[in-house]
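# sequence and predicted structure, then a few things I'm wondering about:
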Amino acid sequence: MEPKPRILGLDVGSKTIGLAVSDPLGITAQGLNTIRRKNKRHDFEQLQRVIEQFEISEIVVGLPLRMSGMEGTQSEKMRAFAVEVERRFSLPVHLWDERLTSAEANRVLRDSEMSIKRRGEVVDRLAAVLILQSWMTAKNF
């Protein structure tokens, strides 16, 4: 099989950005180290490194919706973030409903034998994996 373009999944929070990347065959999403947010310049430098390292062709950003499906303040922030990412890196950016990914990530981690401290370190990464994997599945990537 020929390698597919790599996709980057982002679970963006106020303190961290969870990262996941599609594997070379475009079958699974794999978690990467979480970015600890400091300021815009630092955050975008970190994203630039990942984009270059994995030769990213598209980005999927989790869009936080209310359980009703309506958008709120966080959704507006994510839309603005996505526009800025698209502008800075000249890559297509897709917003993807992330309503249940953080809850699912926490459930999966709770069911594991992982310590609470360790869970806190990987929850953003797992949420990014779930966002990207569900996008890839829906798009038959």
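Structure's in. What do you need?
# which residue ranges of this protein form helices?
Listed in chain order, the helices found in the chain under DSSP state H are 40-53, 73-89, 101-111, 116-138.
# shaky segments in this protein?
Scanning the chain for pLDDT under 70 picks out the ranges 141.
# if we can go back for a sec, just say which of the helices of the chain is most tucked in.
helix 116-138 (a mean of 20; mean count of other CB atoms under 10 Å). Bear in mind the C-beta positions are built from the backbone N, C-alpha and C, glycine included.
# how distant is it from the center of its chain?
7 Å (CA atoms, centre = their mean, to the nearest Å).
# ok, back up a step: need the helices of the chain in JSON lines (columns: distance to Leu95).
JSON lines is the format used below for these (distance: least, CB to CB, whole Å):
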{"stretch": "helix 40-53", "distance to Leu95": "16"}
{"stretch": "helix 73-89", "distance to Leu95": "6"}
{"stretch": "helix 101-111", "distance to Leu95": "13"}
{"stretch": "helix 116-138", "distance to Leu95": "10"}
